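# Requesting a structural model of the entry that follows:
(one chain, ligands or ions: 2)
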Amino acid sequence: MKQSILVTGGAGFIGSHCCVELLDHNFNVIVLDNLSNSSIKVLDRIKKITGKELHFIQGDIRDKVLLDQVFTQHHIDAVIHFAGLKAVGESMQVPLTYFDNNISGSITLLQAMQQHRIGHLVFSSSATVYGENYPSPLHEDLPTAQPTNNYGYSKLAVEQILQATAKANDLWSFALLRYFNPIGAHQSGLIGEDPNGIPNNLLPYVTQTAMGKREVLSIYGHDYPTQDGTGVRDFIHVVDLAHAHVKALQYLFTHKPSVGIWNIGTGTGYSVLEVVKRFEQVNQLKLNYQFVERRAGDVAVCFADANKAKQDLGFVAEHNLDDMLRDVWHWQSQNPDGYA
Ligand code: NAD
Ligand code: WQD
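Ligands and ions are numbered 1, 2, ... in the order given. Just a heads-up that it's a prediction; the model follows:
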């Protein structure tokens, strides 16, 4: 019998790519999303790519009554939990909104799962839980550190809640996936990242500058102790990241660890300037950019030790930087206004 996966936040950037991967791996997919940062149009696109239907429920993970209905009406084997707010800057302006959505939302989801005796959950964590002070590569054994922003705090808090919850009850089997920098888009050009307003993250800013929607890309900092003075990050193709979720699910089903923690990155860092230059080369275009002051809160270098995911999950990222930059441009140029 097919296994059924509840995907919270499944209409979002990473969630939509994960739905494609799950459908391609023959899972039944039930998406719960309040569409606060995504478009209903993504559902048709997923269907176009996979030729398969998923079940969509528009609603909020903080809605206890709705969650009870979802778990009563559907047979669910596991949950992949993407739903959350993710804008670092905004999290400093409206901390309680972030804590309510990301922390209280996760608790409400766990309570409903417990009530319905569903114990497998994959959680979207972030490299932000390592804080700012460790040299890369970052290994999962490093103690987590106090994040400097409220978004990061919400991720660390949920990680800690999951660890404490798992200790108390052998129902649970949790995968904490610490993503590095997801970029790229599905090769079809049908789904991709569609940020609201002015993008904070590098790649949406790069593609919007290339489109002429933004005048100039500001590169934050040219004096970091790196090969060319710009920040270094571990960029991972969102399709690889989606694949890692299927691997993690399979691991939970076969090994049933109480809690497993895995970095999901490539293990290789590229500088911002390298990304910009490769983007120009791969897509045969010129990008308008300027160097400006460092951005507050940025670290010089951040990349994963990706060995644990390889050993335990058999996960290795397959797409290289050029693939990521080609696919992200394909998505943006095919969809100049995203899903609008
Ligand atoms: P996204 O905003 O595109 O997707 C999140 C989805 O969750 C959206 O569709 C949104 O509508 C939905 N959502 C938000 N709050 C909800 C709620 N209360 N109830 C139901 N649905 C809700 O973001 P993404 O980039 O796909 O990120 C997915 C997850 O991965 C998030 O938890 C994010 O914090 C985490 N993460 C993202 C990155 C990144 O760089 N994109 C890095 C590390 C971790
Ligand atoms: C990457 C590099 C910038 C924009 C953030 C979150 C992290 C995680 C992923 C969710 C840095 C530089 C950027 C620009 C630039 N999210 N940059 N000009 O900061 O590594 O990580 O997203 O969990 O928690 O903090 O990603 O894409 O913002 O920046 O020069 O316009 O690009 O300084 O060196 P970051 P990013």
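
# which residues in the stretch 201-340 of the chain form strands?
Listed in chain order, the strands of the stretch 201-340 of the chain (DSSP state E, counting those that start in this stretch) span 217-220, 232-233, 235-237, 259-264, 270-271, 289-292, 301-302.

# what lines up beside the third one in the sheet?
Okay, so that is strand 235-237. According to DSSP bridges, strand 235-237 forms sheet pairs with strand 181-183 (parallel).

# And for the first one?
Looking at strand 217-220 with DSSP bridges, its paired strands and their directions are strand 289-292 (parallel).

# Contacts for the strand it pairs with, please.
Residues from elsewhere that reach strand 289-292 (C-beta atoms under 8 Å, 6 or more residues apart in numbering): 209, 216-222, 276. (Each C-beta comes from the backbone N, C-alpha and C, glycine too.)

# Which members of these are classed as buried?
Buried members of the contacts of strand 289-292, scored by 16 or more other C-beta atoms under 10 Å, are 209, 217, 219-222, 276.

# filter the residues you listed down to the ones close to ligand 2.
217, 219-220 (C-beta under 6 Å from any ligand atom).

# just the residues you listed now: which is nearest ligand 1?
Tyr220 (16.2 Å; C-beta to the nearest ligand atom).

# Enumerate the residues of the stretch 151-300 of the chain near ligand 1.
Residues of the stretch 151-300 of the chain lying near ligand 1 (C-beta under 6 Å from any ligand atom): 179, 182.

# same thing but at 8 Å, please
Residues of the stretch 151-300 of the chain found near ligand 1, taking C-beta under 8 Å from any ligand atom as the criterion, are 151, 155, 178-182, 193-194, 201.

# gap between the residue nearest to Arg117 when sequence neighbours are not counted and ligand 1?
Nearest residue to Arg117, sequence neighbours excluded (C-beta to C-beta, 6 or more residues apart in numbering): Leu171, at 6.5 Å. Plainly put, Leu171 is 23 Å away from ligand 1 if you go by C-beta to the nearest ligand atom, to the nearest Å.

# same deal with His319?
16 Å.

# Asp228 contacts Leu273, correct?
Yes - with contact defined as C-beta atoms under 8 Å, Asp228 and Leu273 form a contacting pair (4.8 Å).

# who are the neighbours in contact with Val232?
Counted by C-beta under 8 Å, 6+ apart, Val232 has contacts 136, 224, 226, 269-272, 300-303.

# Tell me the bridge partners for it.
Under the criterion used (DSSP bridges), Val232 bridges to Ser271, Val301.

# What residues of the helix or strand where Cys18 lies count as buried?
Assigned by DSSP states H and E, Cys18 falls within helix 13-24. Burial within helix 13-24, assessed by neighbour count using 16+ other C-beta under 10 Å, is assigned to 13-23.

# Equivalent analysis for stretch 106-123, please.
So, applying 16+ other C-beta under 10 Å, buried residues of stretch 106-123: 106, 108-110, 112-113, 116, 118-123.

# hmm, back to that, which one of the residues of the stretch 151-300 of the chain next to ligand 1 sits closest to Ser38?
Asp194 (7.6 Å; C-beta to C-beta).

# For the residue nearest to the closest one when sequence neighbours are not counted, grab the count of nearby residues.
Closest residue to Asp194 apart from its sequence neighbours, by C-beta to C-beta, 6+ apart: Gly338 at 3.2 Å. Counted with other C-beta atoms under 10 Å, residues neighbouring Gly338 total 15.

# residues in contact with Gly338?
39, 192, 194-195.

# Residue of the stretch 51-200 of the chain closest to ligand 2, please.
Ser126 (3.2 Å).

# Now do the residue lying closest to that residue once chain neighbours are set aside: how many residues are near it, please.
In space, and not counting its chain neighbours, Ser126 is closest to Lys155: 4.9 Å by C-beta to C-beta, 6+ apart. When neighbours are counted by other C-beta under 10 Å, Lys155 registers 27.

# Lys155: which element?
Going by DSSP H and E, Lys155 is in helix 150-168.

# contacts for that helix?
Contacts of helix 150-168 (C-beta under 8 Å, 6+ apart): 84-88, 90-92, 95, 98-99, 102-103, 106-107, 110, 121, 123, 125-126, 128-129, 144, 146-147, 172-174, 176, 258-259, 261.

# Flag every buried residue along stretch 152-169.
152-159, 162, 165-166.

# if we can go back for a sec, the residue of the stretch 51-200 of the chain closest to ligand 2 reaches Pro182, doesn't it?
No - using C-beta under 8 Å as the test, Ser126 is too far from Pro182 to be in contact (10.0 Å).

# burial measure for Val129, as a count.
24.

# Which residue does this protein have closest to ligand 2?
Gly231 (2.7 Å).

# Now for that residue, how many residues are close by?
That count, for Gly231 with other C-beta under 10 Å as the rule, works out to 24.

# Kindly report the same for Asp223.
11.

# Same question for Gly314.
For Gly314, using other C-beta under 10 Å, the count is 10.

# isn't it right next to Lys247, touching?
Yes - contact status for Gly314 versus Lys247: in contact at 6.2 Å, counting by C-beta under 8 Å.

# how about the residues of the stretch 101-250 of the chain near ligand 2?
124-128, 149, 151-152, 155, 179-183, 199-203, 205-206, 217-221, 230-233.
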